[in-house]
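Student: Predicted model, plus sequence, below.
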Amino acid sequence: KKNAAIADKKLSELNMDNLKRFHRFIGSKSPISANTVIEMLRTVMEYAKDKGYVAINPVHFKVKELYEKKEDNRRLTKPQMDAVLDRLIVYDKRSKHPKLNLHYYEENNLNPVACCVLGGALLQGRRYRSEWAKITYKQLSLTSKKLSLNQSKVGQKEYNLGRKVLKLSQALFGERYREGSPFNYQNDIRKDYVFPSKMFGRVNNAGKINDKPYINNVRKTWMTMLKDLGFDHLPPYNVRHSFATNALSKTKSIATTGEMLGHSKKSGYKSTLRYAAILNEDVVEALDLIDGPEEKEETKVVKLTK
């Protein structure tokens, strides 16, 4: 709508009245985008204020004035996780050392690089793109059994590799130099990345050259996997939800689960608490366990005297 537009306004002309109209207009199409735009405007106007372009920052939305953020809390159950992992990560049983069964992936028309991204993320709860798909071999240490993330969402952090993730990592190091492997790229920058992209340097559907040496899109593989198993569709990001809820269910510890996920200790693992809400049924069971079995009161016979 024309009266909701702010593109033709000067910074000094922005106020809560026209910002609210703008927010509602975008929200009529996409509530999430509307909130994101307001947050971006808040940052821009704060910068303008610091530079002296405006006297005050006019962006002052209260929480109740923003659209409620709806979280997608769907997840895979533990049996579903196991079934998915059995399809995503398949080793060559003939090898004495961890080695991927590339014949299996070829037979089933699966991208082994995408499969290992998804499988590895599901095994450790990493953010599948920013904390796993784009890692280099320098960040993955087999000797110390750690994954080093220098620029993750939570800043610099090191994570211990569990037994299954370590086995996968050992197989990936072997694939780096395996002849004919889709992980083997020795002639360009992809040689440094654990999950190289076969689309690197090619022109995509939008007519742009793919400049990411690591795989950036695993959605097709994920959707195919869920469909073949007869599971409902979930966004790839929900592999993290699945790991988190399973970890919390097993450990019963907010702090332990929070550390594995890389959540902030300073905030009291606030981000981890959402998974406790998702696992409300487990909380109810835990309360019943604490309370113990319901005791039946004995019926007392009161004798009446004459």
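Tutor: Structure's in. What do you need? Residues are numbered from 1 along each chain as shown.

Student: Who is residue 91 paired with across the strands?
Tutor: For residue 91, the beta-bridge partners under DSSP bridges are residue 100.

Student: which residues touch residue 251?
Tutor: Contact partners of residue 251, counting by C-beta atoms under 8 Å, 6 or more residues apart in numbering, are residue 257. C-beta here means a position set from N, CA and C on the backbone, and glycine is covered the same way.

Student: can you pull out the helices in the stretch 151-300 of the chain?
Tutor: 163-175, 219-229, 238-251, 254-261, 270-278, 280-291 (DSSP state H, counting those that start in this stretch).

Student: rank those helices by pLDDT, which is bottom?
Tutor: With a mean of 54, helix 280-291 has the lowest mean pLDDT of the helices of the stretch 151-300 of the chain.

Student: before we move on, the earlier item: of the helices of the stretch 151-300 of the chain, flag the one that's most buried.
Tutor: helix 238-251 (a mean of 20; mean count of other C-beta atoms under 10 Å).

Student: Could you check the angle it makes with helix 219-229?
Tutor: 60 degrees (axes from the mean of the first three to the mean of the last three C-alpha atoms, to 10 degrees).

Student: nearest to residue 199, of the helices of the stretch 151-300 of the chain?
Tutor: Nearest of the helices of the stretch 151-300 of the chain to residue 199, taken as C-beta to C-beta: helix 219-229 at 12.1 Å.

Student: pLDDT weak spots in the protein?
Tutor: Low-confidence segments of the chain (pLDDT under 70): 1-4, 69-71, 151-156, 278-306.

Student: Now do the strands in it.
Tutor: Taking DSSP state E as the criterion, the chain carries its strands at 140-141, 146-152, 155-160.

Student: roughly how far is the first one from the heart of the chain?
Tutor: If you compare the mean C-alpha spot of strand 140-141 with that of the full chain, they lie 21 Å apart, counting by C-alpha atoms, centre = their mean, to the nearest Å.

Student: so what strands line up beside it?
Tutor: Applying DSSP bridges to the sheet, strand 140-141 is found paired with strand 146-152 (antiparallel).
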